[in-house]
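Trainee: What shape does this take:
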Amino acid sequence: MLSAHIIRNLRNASKLASVAGPNADRIVNVKWSDGKTGEFPLIWLRDTSPDPATYTISPAMTARNLTMLEFDVEQKAKKLWIDGDGDFLKIEWESGVLSTFPSEWLQIRNPSDQEARKRRRKVYLFPEETWGKEEIEKKLKRFSHEEFMKNDRVVHDFLEAVCIDGIAVLKGAPKGVRGAVEAIGDRIGMIKRTHFGYWENGSFNVNILHFFTPKFDLMSQKLFLEYIHYNEYYIHKKKHVQYNLIVFEVSTKADASNMAYASNGGLPFHTDFPSLSHPPQLQMLHMLQSAEEGGNSLFVDGFHVAEQLRSENPEVFRILTTHSMEYIEEGYDIHEINGKEFRFDYDMCARHKVIRLNDEGKVNKIQFGNAMRSWFYDCEPSQVQNVYRAMKTFTDHCYQSRNVLKFRLEDGDTVLWANQRLLHTRDGFKNAPGKSRTLTGCYFDWDIVKSRVRHLRDKLELEQNQPSA
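Mentor: Got it, this is the predicted structure:
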């Protein structure tokens with residue numbers, strides 16, 4: 001579906017003037033009344049024909065009906081002509097299928113138009129703008145939690161900011177309410193499940209399965225349900241609604257199963273879950289109870305640091321893009337449900353390059369966590385020293401003041417960031433007497449987040465909307 005904005009912009013200049021071909025290369029040449037031209041492969045026109053024989057297009061599904069096994073890639077057209085006073089290109093195929101292509105449909109998808117191809121690449125939502133401290137302090141996007149919960153445009157803008165900058169913040173959720181992560185997650189999409197906890201909420205009962213969480217007393221349940229009703233996302237279709245969401249809680253505790261829970265001291269810069277083959281791509285944290293002193297959040301753009309190393313220290317960049325590090329995570333967690341404790345044992349192990357490049361040589365993933373780094377180096381012993389030097393140089397760059405974003409999450413604030421781009425940490429803190437710095441959080445994958453952005457662009461008819469079929 002095209003946005004109304006795109007259609008309005010193209011309609012006046014999209015009358016078809018002529019059509020010729022196909023030529024020896026099976027190309028159909030099209031010319032519009034404004035002088036623009038297009039080269040369309042004949043087989044592509046048959047394959048993408050917007051007709052019921054080719055596509056099933058409905059609110060629930062868009063899918064190609066043709067199968068490659070039965071598809072004749074050499075099929076020919078019996079007749080091509082312009083119809084509707086330049087509004088349509090029509091093709092009658094030897095198979096008997098009649099294809100009708102609106103003029104603006106062709107212009108937007110014109111494979112020989114570099115601008116059309118450039119525009120289409122934006123659908124993948126990879127417009128990252130890397131940053132250092134000076135840049136991000138000026139442009140870090142902060143949004144109202146209340147507006148996020150009731151305004152789809154704010155949801156779009158918040159998630160778009162995360163796509164671009166790798167981070168964005170929500171301000172001002174009701175303080176002390178544990179349901180904020182679930183409410184935000186519901187506005188975004190499906191939360192990614194990990195071994196960092198499972199929290200199941202029902203309409204009349206709340207079961208908690210995550211690290212050493214205080215029991216969810218009746219007053220907390222009441223506040224949670226009132227919060228849900230206030231934000232109109234907890235909808236009673238029958239007498240109750242049951243749904244599962246996955247969250248975890250971060251607070252200092254004895255016998256901790258994760259470094260974040262082990263002490264009040266500062267933590268090293270890291271990405272979460274380097275011990276997993278497919279780590280979560282985004283992480284979200286919500287502040288329930290901030291520390292009396294300290295506990296600031298620190299972030300560094302790993303893509304930006306990687307590019308610094310590419311230009312300032314090419315040998316370090318080479319090592320970190322070619323040598324895989326092994327990460328391990330062994331232990332157990334104690335979960336609680338209905339007053340009973342359950343032990344989950346795990347033995348995670350994975351390998352990642354600190355800096356990963358795509359086929360074009362662009363940085364597209366950062367993965368590093370020193371606490372989980374293994375003893376194993378799959379290289380000659382003579383190379384190990386240089387690997388350590390490279391890790392040290394990378395870490396030193398992360399801590400350079402020119403690269404570090406530092407801010408304080410107040411009670412009710414939420415931050416969402418790209419876990420495979422930004423490294424994060426917190427500094428040391430001091431709790432107020434009788435209170436513990438406590439956050440809840442969860443994870444997402446880009447597929448869900450970017451799907452939500454594209455869906456909202458379509459729903460809200462935003463300028464950035466792209467066609468599907």
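Trainee: Where do the helices of this protein begin and end?
Mentor: All helices of the chain, identified by DSSP state H, fall at 4-11, 42-47, 103-109, 114-121, 133-139, 145-150, 152-165, 180-188, 218-230, 302-312, 314-322, 381-399, 446-459.
Trainee: With only the CA atoms kept, save the third one in PDB.
Mentor: Okay, so that is helix 103-109. C-alpha atoms of helix 103-109 as PDB (Å, rounded to 0.1, in the frame of the first residue of the first chain):
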ATOM      1  CA  SER A 103       1.300   4.400 -13.900                       C
ATOM      2  CA  GLU A 104       2.400   5.500 -10.400                       C
ATOM      3  CA  TRP A 105       2.900   1.800  -9.400                       C
ATOM      4  CA  LEU A 106       5.500   1.500 -12.200                       C
ATOM      5  CA  GLN A 107       7.100   4.800 -11.500                       C
ATOM      6  CA  ILE A 108       7.600   4.000  -7.800                       C
ATOM      7  CA  ARG A 109       9.100   0.600  -8.600                       C
END
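Trainee: Flag the shaky bits of the stretch 201-350 of the chain, pLDDT-wise.
Mentor: 201-246, 251-263, 335-337 (pLDDT under 70).
Trainee: Could I get the full set of strands for it?
Mentor: Per DSSP state E, counting those that start in this stretch, the stretch 201-350 of the chain carries strands over the ranges 206-209, 242-245, 248-250, 282-289, 293-294, 297-301, 324-337, 340-353.
Trainee: Quick check: buried residues in stretch 446-456?
Mentor: If you call a residue buried by 16 or more other Cβ atoms under 10 Å, then stretch 446-456 has these buried ones: 446, 448-450, 452-454, 456. From N, CA and C alone the C-beta is placed, and that goes for glycine too.
Trainee: mind giving me the domain ranges of this structure?
Mentor: Listed domain ranges for the chain are 16-123, 133-460 (source: the TED database).
Trainee: follow-up on the earlier one: deepest in the core, which of the helices of the chain is it.
Mentor: Of the helices of the chain, the one with the most neighbours on average (mean count of other Cβ atoms under 10 Å) is helix 180-188, at a mean of 23.
Trainee: I'd like to know which elements it is packed against.
Mentor: helix 145-150, helix 152-165, helix 218-230, strand 242-245, strand 282-289, strand 414-418, strand 438-444, helix 446-459 (3 or more Cβ pairs under 8 Å, 6 or more residues apart in numbering; DSSP states H and E).
Trainee: partners of the fifth one in the sheet?
Mentor: Taking DSSP bridges as the criterion, strand 282-289 pairs within the sheet with strand 414-418 (antiparallel), strand 438-444 (antiparallel).
Trainee: right, and those - which one's nearest Ile91?
Mentor: strand 438-444 (42.9 Å; Cβ to Cβ).
Trainee: could you dump that closest one to PDB, C-alpha only?
Mentor: In PDB, the C-alpha atoms belonging to strand 438-444 read as follows (Å, rounded to 0.1, in the frame of the first residue of the first chain):
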ATOM      1  CA  THR A 438      16.000  -1.600  41.000                       C
ATOM      2  CA  LEU A 439      15.200  -1.800  37.300                       C
ATOM      3  CA  THR A 440      13.100  -4.100  35.200                       C
ATOM      4  CA  GLY A 441      13.900  -4.800  31.600                       C
ATOM      5  CA  CYS A 442      13.400  -7.000  28.600                       C
ATOM      6  CA  TYR A 443      14.700  -7.600  25.100                       C
ATOM      7  CA  PHE A 444      13.500  -7.200  21.500                       C
END
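Trainee: mean confidence score for that strand?
Mentor: For strand 438-444, the mean pLDDT works out to 91.
Trainee: could you check the angle strand 297-301 makes with it?
Mentor: When axes from the mean of the first three to the mean of the last three Cα atoms, to 10 degrees is applied, the directions of strand 438-444 and strand 297-301 differ by 30 degrees.
Trainee: now what about strand 438-444, what contacts it?
Mentor: Strand 438-444 has contacts (Cβ atoms under 8 Å, 6 or more residues apart in numbering) with 178, 180-181, 185, 188-192, 194, 196, 245-251, 272, 280-289, 409, 416, 419.
Trainee: just to revisit the earlier point, ranked by average pLDDT, which of the helices of the chain falls at the bottom?
Mentor: Mean pLDDT, when computed for each of those, is lowest for helix 218-230, at a mean of 40.
Trainee: Endpoint to endpoint, stretch 74-93 covers what distance?
Mentor: 11 Å (Cα to Cα, to the nearest Å).
Trainee: Flag every buried residue along that stretch.
Mentor: 77, 80, 82, 87-89, 91, 93.
Trainee: From those residues, pick the one nearest Gly21.
Mentor: Distances from Gly21 to the buried residues of stretch 74-93, taken by Cβ to Cβ, are shortest for Leu80, at 7.5 Å.
Trainee: if I pick the closest one, what's in contact with it?
Mentor: Leu80 makes contact with 19, 21, 28, 89-92, according to Cβ under 8 Å, 6+ apart.
Trainee: Show me the beta-bridge partners of it.
Mentor: Beta-bridge pairing for Leu80 (DSSP bridges): Ile91.
Trainee: coming back round to it: tell me which entries of the buried residues of stretch 74-93 lie within strands.
Mentor: 77, 80, 82, 88-89, 91, 93 (DSSP state E).
Trainee: In CSV: those, plus distance to His156.
Mentor: Listed next are those as CSV, based on distance: Cβ to Cβ, whole Å:
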residue, distance to His156
Ala77, 41
Leu80, 40
Ile82, 38
Phe88, 33
Leu89, 34
Ile91, 37
Trp93, 40
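Trainee: Need the max-distance pair from those.
Mentor: It's Ile82 and Trp93 that sit farthest apart of these, by Cβ to Cβ, at 16.9 Å.
Trainee: looking at it, Val73 is touching Ile43, isn't it?
Mentor: Yes. At 5.7 Å, Val73 and Ile43 qualify as touching, with contact defined as Cβ atoms under 8 Å.
Trainee: Now do Leu288 against Pro174, distance only.
Mentor: Counting by Cβ to Cβ, to the nearest Å, the gap from Leu288 to Pro174 is 11 Å.
Trainee: Next one: the closest residue to Asn29 other than its chain neighbours, what pLDDT does it get?
Mentor: Spatial nearest neighbour of Asn29, chain neighbours left out: Ala20 (4.7 Å); criterion: Cβ to Cβ, 6 or more residues apart in numbering. pLDDT, Ala20: 96.
Trainee: For Gly166, see how far away Ala20 is.
Mentor: Distance from Ala20 to Gly166, counting by Cβ to Cβ: 48 Å.
Trainee: quick one, which of those two is more surrounded?
Mentor: Ranked by neighbour count (other Cβ atoms under 10 Å), Ala20 and Gly166 place Gly166 first, with 25 against 11.
Trainee: The more buried one contacts Glu128, doesn't it?
Mentor: Yes. Using Cβ under 8 Å, Gly166 is in contact with Glu128, at 6.9 Å.
Trainee: Show me the common contact partners of these two, please.
Mentor: With Cβ under 8 Å, 6+ apart, Gly166 and Glu128 have common neighbours 303, 421.
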